[in-house]
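> Sequence plus the predicted model coming up.
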Amino acid sequence: MAKAFNLLTFVFLGTILVTSCSEQRSGQLQETEQHQGLSEKLQLLRLSEIKPSGWLKQQMDGDLDGFTGHLDSIVPDLILKDDIYGKDRLSKKVKTKDVGAITDDGQWQVQFLWWNSETQSNWWDGYLRHAILTGNAYHLARAEKYVNRILQTQDEDGYLGIYDQELRYKFDNENGELWSKTTLLRGLLGWYEYTKNEKVLAAIERAAKNIVNNYPINASHPFYSTNPDASGLTHGLMITDVFERVYQLTKKSEYKTYCVFLYKDFSANKLNEDAQIPKLMDSAYKLRGHGAHTYEHLRALSAAAYSSEDPELMKALDNFLKKIAGTTAPSGGPIGDEWISQREADATTTGYEFCSTHELMHSYISLLGKTGAMEYAEKVERVFFNAAQGARHPQYSAIAYLKTDNSFSMNGKRNDDTTQPKQTRYKYSPAHQDAAVCCVPNAGRIGPYYVQSMWMKDSEGLVATLLGPSEVSTEINGENVLIKEITEYPYGNSIRFVVEKNGKKTLTLKIRKPSWADEIKSSVDYKKEGDLLVFRSEKELTDFELTFKTSVKEHLFKKKEVYFTYGSLVYALPISSQETISKNFPISGFHDYQYSPSPLGFARYLLPAASNLVGDDSKITGVFLNERTRKQENRELVPMGKSILRQVTFQRE
């Protein structure tokens, strides 16, 4: 999530201290006009109510055995040796930190100061959610110890953060005040949802009140900066994630009101960020910011828009989504390598960062809940099953910091581009410390955030929004309900639902109908309700099977290339490659991996004028034209998540 060193133009003037807002100006939210806003169509369940099963559970277990469970040992200097929320809080005396990144720009140092808070807290967030969702006793015990330690760092006034008394809330330039809280509190919220420990929620609310007291609503400017390039400051807008989730859990409307204030202050200040109202209302404006910032800020704008029902914000949100549509590759991966730079997505020349991938997926989840529109569920699946799975190593515990859909080499640079000599991000690693340890923590978050959103509630009952192997256990209309979703989806399109409940009331179960389904087969009756299939039953036990029939779908990309899907999966032609281990970590089994095409070289393939591709749940087969030999060959495409080097898009002959 760190901005690219070779494009960075920050001119840091230093972290300038300003007078903090006085307690007398610290108006309580209860005294301000409250925003009722639009009711969310779908509600998230608590993290503890959904469990992964099948291949999702296996992947999460594997990540606990791999980079998610061991990142603190892989990069101990960043996680174990820097107690940045406790005894090592930042003070005036701390001028530099070595976080292991390769850069020739000394002006980055002020940003480096808060980096470890992001690495630590995003890692803990993903780690503890993995522990919760898999039910792993060892990792749950570690997570509980961490939470208790963090709660002990909370000051009497509620402050949880990384700055000492003389620095906190006194900035007019780059800082990590709100961002360090965002990453920390998101993890604590996950732990509260699991334990229902009111002590944890009380600590979160005290921390939120401390923010409000120091950045009073309509009487302060938390996003003012003398320098428009302030990465940590603008990441801090995502404290809206925390305020919005606390509202969802407590129903205290003042938290929604504060989201509106935060976004409007962010939008009103002079900052080099895309998600500001004047830029979004300008039809000629092209997105150009740091990808992860841009896509996470979509969430903050949607929170403000739906909390306020402000027509201008709603219009800005609509415009934002249209602009983002041009940045996404066939896989759903959005430009983020690291900057968008007014470009449109290209399957070969624009890469996506794992951080950007997670942030856009998370923002689509937020919009799914607010609107109830199943198009966002389709977008979530496109990103998670293709861009995210396609950036994981299919065999080893490592991920790509940057990846392109058409991936012809993974040796540090983008498809052997030589214009960025210090580029290292196009490889597989369990850390990526030479760039920034931001993507690996987010690779640990993306799965749990997907799983928690697989099932939601509406006014009638349960909705299976994101499909895949899972179990949900919750209460509907006063009855305990357990549903097992048994499937290989998306690697198979048949799903068995086993529904158990402990009463005689009618249970309404809605299941999303994928837009790609040509035919639906069900062992029980259902009704159609828009993009949902509605099942109702009074029985205590219901067992039925649902199959979505489909075929190979051809899609046009950029008016000159095509790519293929079968069900929710984007397919790729794998390219034979040669593996090199470029780094060994002290922890056994962890390495950096680089890939070049096999010594025989590779050729791009074209699609013949007359092509007839056939597919099933695991592969697409057909005839392709070898561009080098000009001969037709029978080739097999596989899901992106099962590839390393690959070709996704094809030009016609």
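Cool, got the structure. Not measured: the values here are computed from a predicted model.

> Name the nearest residue to Leu249, ignoring sequence neighbours.
Leu201 (7.2 Å; CB to CB, 6 or more residues apart in numbering). To be clear about C-beta, it is placed using only N, CA and C from the backbone, and glycine gets the same treatment.

> per-residue confidence at the one you found?
What the model reports as pLDDT for Leu201 is 99.

> Ala230 now?
Value listed for Ala230 in the pLDDT field: 96.

> Name the helix or strand for the closest residue to it other than its chain neighbours, please.
In this structure, Ala230 finds its nearest non-sequential neighbour in Glu174, 4.5 Å apart by CB to CB, 6+ apart. For Glu174, there is no helix or strand it lies in under DSSP states H and E.

> Isn't Glu174 up against Pro228?
No: counting by CB atoms under 8 Å, Pro228 is not a contact partner of Glu174; they are 10.7 Å apart.

> Between these two, tell me which one has more neighbours.
Neighbours per residue (other CB atoms under 10 Å) separate Glu174 from Pro228, with Glu174 holding more: 25 against 13.

> thought Asn173 was touching Pro228?
No: with contact defined as CB under 8 Å, Asn173 does not reach Pro228; the gap is 10.4 Å.

> any idea how far the residue nearest to Leu249 is from Val246?
As judged by CB to CB, to the nearest Å, Leu201 and Val246 stand 8 Å apart.

> quick one, which of the two is more surrounded?
Higher neighbour count among Leu201 and Val246: Val246, with 23 against 19, using other CB under 10 Å.

> mind listing the strands for the stretch 551-653 of the chain?
553-557, 561-566, 569-574, 577-584, 591-597, 605-606, 614-615, 620-626, 632-639, 646-647 (DSSP state E, counting those that start in this stretch).

> and what of the stretch 251-400 of the chain?
Using DSSP E, counting those that start in this stretch, strands in the stretch 251-400 of the chain cover 352-353, 399-400.

> Could you pull up phi and psi at Glu519?
Main-chain dihedrals, Glu519, degrees, to the nearest 10: phi -150, psi 150.

> Please give me every residue in contact with it.
Residues in contact with Glu519 (CB atoms under 8 Å, 6 or more residues apart in numbering) are Phe548, Lys549.

> please renumber so the chain begins at 33
Taking 33 as the first residue, the last one we looked at is Glu551.

> For it, report the pLDDT, please.
Per the predicted model, pLDDT is 98 at Glu551.

> same deal with Gly138?
47.

> same check, this time on Glu611
Glu611 is given a pLDDT of 98.

> beta partners of it?
On the basis of DSSP bridges, Glu611 is bridged to Tyr627.

> circling back: just the strands of the stretch 283-432 of the chain: most buried one?
Compared across these, strand 384-385 shows the largest average neighbour count, a mean of 32 (mean count of other CB atoms under 10 Å).

> What strands flank that strand, and is each parallel or antiparallel?
By DSSP bridges, strand 384-385 pairs with strand 434-435 (antiparallel).

> Now find how far off-centre the very next helix or strand once past the partner strand is within its chain.
Next helix or strand after strand 434-435 toward the C-terminus (DSSP H and E): strand 460-461. On the basis of CA atoms, centre = their mean, to the nearest Å, strand 460-461 sits 19 Å off its chain's mean C-alpha point.

> Tell me which other helices or strands strand 460-461 touches.
With contacts defined as 3 or more CB pairs under 8 Å, 6 or more residues apart in numbering; DSSP states H and E, the packing partners of strand 460-461 are strand 431-432, strand 623-629.

> Including mean pLDDT and distance to Gly510, could those strands go into CSV?
Output for those, formatted as CSV (pLDDT from 0 to 100; distance: least, CB to CB, whole Å):
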stretch, mean pLDDT, distance to Gly510
strand 431-432, 99, 43
strand 623-629, 97, 53
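
> Reformat those as a markdown table; add distance to Asn351.
Shown next, in a markdown table, are the helices and strands packed on strand 460-461 (distance: least, CB to CB, whole Å):
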| stretch | distance to Asn351 |
| --- | --- |
| strand 431-432 | 31 |
| strand 623-629 | 39 |
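
> any idea which element Pro260 lies in?
Counting by DSSP H and E, Pro260 is part of no helix or strand.

> burial count for the closest residue to it other than its chain neighbours?
Excluding its sequence neighbours, the residue lying closest to Pro260 (CB to CB, 6+ apart) is Asn304, at 4.6 Å. By other CB under 10 Å, 18 other residues sit near Asn304.

> Hmm, Asn259 and Asn304 touching each other?
No: counting by CB under 8 Å, Asn304 does not reach Asn259; the two are 9.2 Å apart.

> which residues sit in contact with Ala423?
Contact analysis of Ala423 by CB under 8 Å, 6+ apart lists Gly365, Tyr384, Phe386, Thr389, Ile431, Ala432, Lys435, Ala475.

> I figured the fourth one was touching Ala420, is that so?
Looking back up the chat, that one is Thr389. Yes: taking contacts as CB under 8 Å, Thr389 lies within contact range of Ala420: 5.4 Å.

> what sits against the closest residue to Asp490 other than its chain neighbours?
Of all residues not flanking Asp490 in the chain, Leu74 sits nearest, at 5.6 Å (CB to CB, 6+ apart). When contacts are counted by CB under 8 Å, 6+ apart, Leu74 is found next to Leu400, Gly401, Gly404, Met488, Lys489, Asp490, Val495, Thr497.

> give me the element the closest residue in space to Ile82 that isn't next to it in sequence is part of.
Nearest residue to Ile82 in three dimensions, chain neighbours excluded: Val504, at 5.1 Å (CB to CB, 6+ apart). Using DSSP H and E, Val504 falls within strand 502-508.

> in that strand, what's buried?
Neighbour-count burial for strand 502-508, counted by 16 or more other CB atoms under 10 Å, picks out Ser502, Glu503, Val504, Ser505, Thr506, Ile508.

> and after the top helix by length along the chain, which helix or strand comes next?
Longest helix of the chain, by residue count under DSSP state H: helix 141-166. Toward the C-terminal end, the helix or strand that comes next after helix 141-166 (DSSP H and E) is helix 169-184.

> Give the rounded mean pLDDT of that following helix.
Taken as a whole, helix 169-184 has an average pLDDT of 99.
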